[in-house]
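K.L.:
Sequence plus predicted model, see below.
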Amino acid sequence: MTYDELVTNIRNYTEVDANVFSNSVINTFITMAENQILREIDLDVFKLEVAGTLTSGNKFLAAPSDILTHRYLMVTVSGNQIFLDFRDTSFMKEYWADGTDTGVPKYYSVWDQNTFYIAPTPAQAYAVELGYIYRPTQLSSTNPNTWISTNAPEALLYACLVQAYSYTKGPGDMLQYFRQSYKEAIQGLGVEQQGRRRRDEYRDGMLRIPLKSESPGP
């Protein structure tokens, strides 16, 4: 589904024209819908790994500008790759209260949206690799096709319609219908992404969905 097709579908489903649902209003729906999908489903296609270097004596590491959520942080020490343990910032400050002594990093936490906090403070310029989920460029008139709009158009449309009906304070039954439709679409996407795409049929067998069996009764 392209951007123009989505805009047309939103107006057609809601029977609201461009005077109320201007492109700027619909762009807000799309932003909120895409954010919801990205938060609810861990999509393989948006996983990245980037290499960097810790600075000796600096307990902070800059996060990528497009990061949505981190997955892991790995440091190379004497040729060995070691995964750092993730901890809350309060633990880090208690564990490494001074923050001036240096050593081999063991832990990391999120300091703010742009920065990771490393402890102990790196004793040298260790190489690191960060795995994370990135935020893709939003569907728009200048970016008319995205992975979500192409591969999960139902989830995107229903998520936008939930926003649209909430915006106009439309009928409660229709709002509930689109919420349920979105839920079913996102569950289907979850089965594909977190089920089929993360299994090896040779080792795990075919993915099977259990069916409820009714008792024959007396």
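P.N.:
Arrived safely. Predicted, not measured: the structure shown is a model, and the values here were computed from it.
K.L.:
all strands of the protein, in order?
P.N.:
For the chain, the strands defined by DSSP state E occupy 47-53, 60-62, 67-77, 80-83, 85-86, 102-103, 107-112, 115-119, 121-122, 127-134.
K.L.:
Compare those strands and give me the one nearest residue 11.
P.N.:
strand 67-77 (29.3 Å; C-beta to C-beta). Where C-beta positions appear, they are placed from N, C-alpha and C, glycine not excepted.
K.L.:
other SSEs contacting that closest one?
P.N.:
If you count contacts as 3 or more C-beta pairs under 8 Å, 6 or more residues apart in numbering; DSSP states H and E, strand 67-77 packs onto strand 80-83, strand 127-134.
K.L.:
list the buried ones in the longest one?
P.N.:
By neighbour count with 16 or more other C-beta atoms under 10 Å, strand 127-134 contains the buried residues 128, 130, 132, 133, 134.
K.L.:
can you tell me which residues contact the closest residue to residue 54 other than its chain neighbours?
P.N.:
Sequence neighbours aside, residue 122 is the residue nearest to residue 54 in space, at 4.2 Å (criterion: C-beta to C-beta, 6 or more residues apart in numbering). Applying C-beta atoms under 8 Å, 6 or more residues apart in numbering to residue 122 gives the contacts 54, 55, 56, 57, 58, 59, 102, 104, 105.
K.L.:
so how far is residue 85 from the first one?
P.N.:
I take that to be residue 54. According to C-beta to C-beta, to the nearest Å, residue 54 and residue 85 sit 16 Å apart.
K.L.:
which one of the two has more residues nearby?
P.N.:
Neighbour comparison, residue 54 and residue 85: the larger count goes to residue 54, with 23 against 12 (by other C-beta atoms under 10 Å).
K.L.:
Isn't that one up against residue 74?
P.N.:
No: with contacts counted by C-beta atoms under 8 Å, residue 54 stays clear of residue 74, the gap being 11.4 Å.
K.L.:
Spit out the residues that contact these two alike.
P.N.:
Listed as contacting both residue 54 and residue 74 by C-beta under 8 Å, 6+ apart are residue 128.
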